[in-house]
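>>> below: sequence and its predicted model.
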There are 2 protein chains.
Amino acid sequence: MSKNRVTSQEVAERAGVSQSAVSRTFTPGASASKKTIEKVRKAAADLGYRPNVLARAMVSGKSRIIGLVVAYLENQFYPEALEKMSNELQKRGYHVLIFMAKQTAGSIDTVVEEILDYQVDGIIAASVAMSSDLSERCRVAGVPMVLFNRSQDDPNMSAVTSDNYAGGRKVAEFLLAAGHRKIGHIAGWPGASTQRDREAGFISALDEAGVELHCRTEGDFTMEKAADATRKMFAHDVPEAVFVANDHMAVAVLDTLRFELGLRVPDDVSVVGYDDVPAARWPAYDLTTVRQPANRMVANTVEILLDQIENNTGETRRIAIDGPLILRGSAKIPEGWTT
Amino acid sequence: MSKNRVTSQEVAERAGVSQSAVSRTFTPGASASKKTIEKVRKAAADLGYRPNVLARAMVSGKSRIIGLVVAYLENQFYPEALEKMSNELQKRGYHVLIFMAKQTAGSIDTVVEEILDYQVDGIIAASVAMSSDLSERCRVAGVPMVLFNRSQDDPNMSAVTSDNYAGGRKVAEFLLAAGHRKIGHIAGWPGASTQRDREAGFISALDEAGVELHCRTEGDFTMEKAADATRKMFAHDVPEAVFVANDHMAVAVLDTLRFELGLRVPDDVSVVGYDDVPAARWPAYDLTTVRQPANRMVANTVEILLDQIENNTGETRRIAIDGPLILRGSAKIPEGWTT
DNA sequence: CTGAAAGCGCTAACAG
DNA sequence: CTGTTAGCGCTTTCAG
């Protein structure tokens, strides 16, 4: 039951070398003779020695831990992203310390402090709003941070998103081309940059066509509220098409439309979502949606963060990756429409 | 850009006390006078000091980090569990270092070694098979481990699951009561204890009623293979009812049945799943299923692990929590059936 | 109650 | 290339 960690000192003794020799054989960029390395490796193997990452972190100042702040795990987009992120980071020798951001405002402040306590090398904030105060706090602490799937006005903050504005436009253009004019929007939480950008792009394309948004309700990015928003929207009037701000809500919208309001999709109303989560391609939903390229978003996020960590280049970058509109059965397809 | 961590030494100087005094005011069970504590707290606040968790971990031997091994994040049951787990642990002052178990055999060994490198206080292994070697390795290292949603023959290994055997029985009894006799089973990965237990319970109840399993295919706990398994099972013969080993597969089964094979559920065939993931209650699926009480499973897992960590009581515990059958629309309900 | 001193296990100069 | 020597920031005896 007792802790039984083998130390580099013990390995050194067994190998008949100094403790630093042991350290060197396990430190990537260090110099040691073939013979020493061999002796040490053998002794280490015999004893089952592995370097203590925490001790190494203390002295080197590099913990190889990345703090990941996450919320909305019930939205399939995030577990998927989390998995890719963790894998990508693991591949590069980093590990993820996870922090759930509770919904309560201010809790994010606490969370960041807690993260910082662990001497993380960097922070990825997925789908959480970061106050300027906080990002300043991190900068002072010398811990780079990049936002994932959310952006900030603060130009000092790196961020990776899909091109939500362009995505919103695509949806509008697609709906317009199908001949729809009475078009509604079920929005998510208006505080999210994703929501604002998607809607702005959507509206701008509508505007250019001289079409006004026919109706709008808010679903707050939750399924329950999205169902409510659907009921409210369809209480008096049935729009020809609805753009739902993300797939997670669109699932609820589709179910409410079909099973509660008895409407046919897309015959009575076209529905388009955003994200392309797994459920969007399940035959029961078959949801037309804008894909967020999770792979590329993750790759870019990790790239930017590690670049800032390892090269200490203070360069902040903000990337918006274009994602295609995926045509499925939930929305009428314009004649002769080509991607 | 430079690391700017405030140390306890600096706080001590500002407060006009010794460094150990600072340590004491931030160490829960230490003794210090009210006056000292006040002075230190003030100095700490002024400087924005927070104890370095890693340094504390080094000397105390307690990192307050829990390693969480996880896989199958595309199965909605796991993100949900992960979230609850992290929250529960956070509440108790622990944090979660996450490790994705790749599917490849043997990778789990590597992962455990990596976890141990971080001096974690404990390990939760969700839905992964743990070899006796590995659990032995952890025991030697003095790091307690508990399995979540998977159990092991090894009696030295703590494990929390739902009562899969009883759950399997419930499904069989329910299907039998509805009058079904041609009953099929779409299994998951046979290497998983959950699969084996669910199936064993299912078969045992069938046996007792003198009913033989009509057909069986394997879906390996993935949606794709579950769809294949469905096609294969229904190619020659249509069973009256199917027990699918988890909801994640059941979703694919339902979609295949309806949209590909043109069968009506439950009129042509009853379908029952296991887990009660969010999708099971989405109207499009409305899946009858056995609920795994995630809350209680998580609570128990954390309880057991922290008990072993904090009280160092080597007592291993194996818990199987009973979960109810949730009646929905995907299976014919026996007349006069009561839970 | 409080300060001084001794490390936790490891890396990083520093002389050889 | 290698051993010796300092610490990283903190907790924990040990004397006062």
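It's in. A quick note: this is a predicted structure, and the numbers were derived from the prediction, not measured.
>>> hmm, the one helix or strand in chain A whose mean pLDDT sits lowest touching chain B?
Every helix and strand of chain A was ranked by mean pLDDT, DSSP states H and E. The lowest is helix A:132-141, at a mean of 84. Yes: Helix A:132-141 is in contact with chain B by CB under 8 Å from any CB of the partner chain, via A:R139, A:V140, A:A141. C-beta: built from backbone N, CA, C; applies to glycine.
>>> just the closest of the residues you listed to DNA strand D, please.
Relative to DNA strand D, the closest of the residues of helix A:132-141 next to chain B is A:A141; by CB to the nearest atom of the strand it sits at 11.7 Å.
>>> picking that back up, any buried residues in the least confident helix or strand of chain A, and which?
Within helix A:132-141, the residues that count as buried by 16 or more other CB atoms under 10 Å in any protein chain shown are A:L134, A:S135, A:R137, A:C138, A:R139, A:A141.
>>> how about stretch A:33-49?
A:T36, A:I37, A:K39, A:V40, A:R41, A:A43, A:A44, A:Y49.
>>> hmm, it touching DNA strand D?
Yes: contact of stretch A:33-49 with DNA strand D (CB under 7 Å from any atom of the strand) involves A:S33, A:K35, A:T36.
>>> what about A:Q292, how many residues nearby?
As a burial measure, A:Q292 scores 26 neighbours (other CB atoms under 10 Å in any protein chain shown).
>>> which residues does it contact?
A:Q292 makes contacts with A:F77, A:N149, A:S162, A:Y274, A:D275, A:D276, A:I321, A:G323, as judged by CB atoms under 8 Å, 6 or more residues apart in numbering or on different chains.
>>> out of these, grab the one that's most surrounded.
For the contacts of A:Q292, neighbours tallied by other CB under 10 Å; top is A:Y274, 33 neighbours.
>>> can you tell me the element that one falls in?
strand A:270-275 (DSSP states H and E).
>>> within range of DNA strand C, give me the residues from the stretch 1-150 of chain A.
Going by CB under 7 Å from any atom of the strand, the residues of the stretch 1-150 of chain A near DNA strand C are A:5, A:7-9, A:19-20, A:22-23, A:26-27, A:30, A:49, A:51-52, A:55-56, A:58-60.
>>> partner strands of the helix or strand that comes right after the least confident helix or strand of chain A, with direction?
Next along the chain after helix A:132-141, taking DSSP H and E as the criterion, comes strand A:145-148. If you go by DSSP bridges, strand A:145-148 pairs up with strand A:122-126 (parallel), strand A:158-162 (parallel).
>>> quick one: distance of the least confident helix or strand of chain A to the chain centre.
20 Å (CA atoms, centre = their mean, to the nearest Å).
>>> got it, and stretch A:222-241?
Remark: stretch A:222-241 is offset 27 Å from the chain centroid, using CA atoms, centre = their mean.
>>> now stretch A:268-284
That offset, for stretch A:268-284, works out to 20 Å (CA atoms, centre = their mean).
>>> quick check: A:A241 vs B:E113, distance?
Per CB to CB, to the nearest Å, A:A241 is found 54 Å from B:E113.
>>> nearest spatial neighbour of A:G184, skipping sequence neighbours?
Spatial nearest neighbour of A:G184, excluding adjacent residues (CB to CB, 6 or more residues apart in numbering or on different chains): A:P239 at 3.9 Å.
>>> now swap in A:S18 and tell me
A:A12 (5.9 Å).
>>> tally up the residues packed near that neighbour, please.
21.
>>> and it, that one's in a helix?
Yes: under DSSP: H, G, I helix; E, B strand; the rest coil, A:A12 falls within a helix.
>>> what residues does it make contact with?
Contacts of A:A12 by CB under 8 Å, 6+ apart are A:S18, A:Q19, A:A21, A:V22, A:V40, A:A43.
>>> of A:A241 and B:E113, which one has the most company?
A:A241 (25 against 14).
>>> right, and the more buried one touches A:R181 too?
No: taking contacts as CB atoms under 8 Å, A:A241 lies outside contact range of A:R181: 9.0 Å.
>>> hmm, the helix or strand hosting A:V242 in reach of chain B?
Under the criterion of DSSP H and E, A:V242 resides in strand A:241-244. No: figure legend: strand A:241-244 not in contact with chain B (CB under 8 Å from any CB); closest approach 14.9 Å.
>>> the helix or strand encompassing A:M58 and DNA strand D, are they touching?
Using DSSP H and E, A:M58 maps to helix A:53-60. Yes: applying CB under 7 Å from any atom of the strand, one finds helix A:53-60 touching DNA strand D at A:A55, A:M58, A:V59.
>>> rewinding a little: now do the least confident helix or strand of chain A: which elements does it pack against?
Under the contact criterion of 3 or more CB pairs under 8 Å, 6 or more residues apart in numbering or on different chains; DSSP states H and E, helix A:132-141 touches helix A:107-117.
>>> what's A:G61 sitting at in phi/psi?
phi 80, psi 0 (degrees, to the nearest 10).
>>> thanks again, I'm all set now.
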